[in-house]
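In: Kindly return the folded structure for what I paste below:
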Amino acid sequence: MSRALAMGLLGLALAGCGGGDPAAGDLVVELGTGEVGFEPLADEQPVPLVAGPQGGHHVWLSLRAEGLASERALMVIDAIPLVDGEPPPARAPVRIFMEPMPDGRMEYIGWPAQLDDPACLVGQRLSVRVTLTDSEGRRGSDERIVVPQESPLLGTCEE
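Out: Purely as a prediction, here's the structure:
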């Protein structure tokens, strides 16, 4: 079983546990999509490539977390094309502020995850992983396999 598939299955299992509070020290993260609201994200789901204002393309990501120490977290997003498995350069963590939900979880809506060489990713399987680190140093992550879809403003793939 591939590492990406194993991580995806683990993420689905953790996200599906629901009910009750996470065990002390657990940080459970659920990766989704959506620009203005959280939408669950299934493995192999097509996601639209969106043209950004500065010429790049991105996919909208949203996330939910249970067990965060506070609203502040450090977020790292990794997007790895599964066609060749070559990870992109390491990305620096970004400080985000999560919004509390009525059920005690936290969420962040509408992160524009920019993709390197987006024209070459159309129709390809892409592993997207989000990792959160809270103010106490606890980490949680979730990973999904997505398939970026064609965008009208997208150039051609130059391999």
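In: contacts and neighbour counts: CA atoms only from here.
Out: Will do.
In: Any buried residues in stretch 69-82, and which?
Out: Buried residues in stretch 69-82, counted by 16 or more other Cα atoms under 10 Å: 72, 73, 74, 75, 76, 77, 78, 79, 80, 81.
In: Just list the residues touching the last one, thanks.
Out: Under the criterion of Cα atoms under 8 Å, 6 or more residues apart in numbering, the contact partners of residue 81 comprise 87, 121, 124, 125, 126, 127.
In: Repeat that for the third one.
Out: Going by Cα under 8 Å, 6+ apart, residue 74 touches 93, 94, 95, 96, 132, 133, 134.
In: what separates it from residue 66, distance-wise?
Out: Distance of residue 74 to residue 66, computed by Cα to Cα, to the nearest Å: 15 Å.
In: Make CSV from the buried residues of stretch 69-82 and add distance to residue 150, pLDDT and secondary structure to it.
Out: Formatted as CSV, these follow (distance: Cα to Cα, whole Å; pLDDT from 0 to 100; DSSP: H, G, I helix; E, B strand; the rest coil):
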residue, distance to residue 150, pLDDT, secondary structure
72, 34, 96, strand
73, 32, 97, strand
74, 31, 97, strand
75, 27, 97, strand
76, 25, 96, strand
77, 22, 94, strand
78, 21, 91, strand
79, 17, 90, strand
80, 18, 88, strand
81, 16, 88, strand
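In: Sounds good, over and out.
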